[in-house]
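S.K.: starting from these lines, generate the structure:
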Amino acid sequence: MIFPIEWLVVHHTAGPDTPALEADNIRDYHVRVRRWRDAGYHVLIERVEGAEVPLILRPWDEPGAHCLPMNRRSLGVALAGNFDETPPDAATWATALRTLTWIRRRLELPVDRVIGHREGDPGHTVCPGRHFDMAALRAALGEAGDG
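M.R.: Predicted coordinates:
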């Protein structure tokens, strides 16, 4: 890794998880409209052909563009969906849990280093959404253990 990864920052895309590949739309928006060099998130979890899958959007050796105060010390993991409207469904939650557990173990990060965007940039956003329970996610990550 080129930069020290000290945190995992969880996001939602704040839009519906449509049949179109969200990864392409996100990258296009971030590059064409925002004028960033690549997608802001490192990982996107979205439904592809009926299954929730994690997709790599930005190389892990490059700082992200997902949580301004934390970009140079975190990986951004986004879940496709709008969790201001509804909580994530069971498949999205399970895939997020598996993906975050794997990343956290790989980077040797404690559970308390997994935060929501709103926790990394307080007062700026409610991301990953009003109906996304970060305390429940950290509890589930803790139950997953380190083994």
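S.K.: so where's the longest helix in the protein?
M.R.: helix 90-107 (DSSP state H).
S.K.: for the very next helix or strand once past it, packing partners?
M.R.: Sequence order places strand 114-116 as the next helix or strand after helix 90-107, per DSSP states H and E. Counting contacts by 3 or more C-beta pairs under 8 Å, 6 or more residues apart in numbering; DSSP states H and E, strand 114-116 packs against strand 7-12, helix 134-144. In this view, the C-beta of every residue, glycine as well, is placed from N, C-alpha and C.
S.K.: which of those has the highest mean neighbour count?
M.R.: Most buried of those by mean neighbour count (mean count of other C-beta atoms under 10 Å) is strand 7-12; its value is a mean of 25.
S.K.: and the angle for that one with helix 90-107?
M.R.: 160 degrees (axes from the mean of the first three to the mean of the last three C-alpha atoms, to 10 degrees).
S.K.: and strand 7-12, what does it pack onto?
M.R.: Using 3+ C-beta pairs under 8 Å, 6+ apart as the test, strand 7-12 ends up in contact with strand 74-79, helix 90-107, strand 114-116, helix 117-120.
S.K.: between those, which gets nearest to residue 28?
M.R.: strand 74-79 (14.8 Å; C-beta to C-beta).
S.K.: tell me the strands beside the closest one, with direction?
M.R.: Strand 74-79 has the following strand partners under DSSP bridges: strand 7-12 (parallel), strand 43-48 (parallel).
S.K.: mean pLDDT for those: which is lowest?
M.R.: Ranked by mean pLDDT, the strands paired with strand 74-79 bottom out at strand 43-48, with a mean of 94.
S.K.: just the buried residues of that strand, please?
M.R.: Of the residues in strand 43-48, 43, 44, 45, 46, 47 count as buried by neighbour count, 16 or more other C-beta atoms under 10 Å.
S.K.: with distance to residue 125 added, can I get the helices and strands packed on strand 114-116 in TSV?
M.R.: Below are these laid out as TSV (distance: least, C-beta to C-beta, whole Å):
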stretch	distance to residue 125
strand 7-12	9
helix 134-144	13
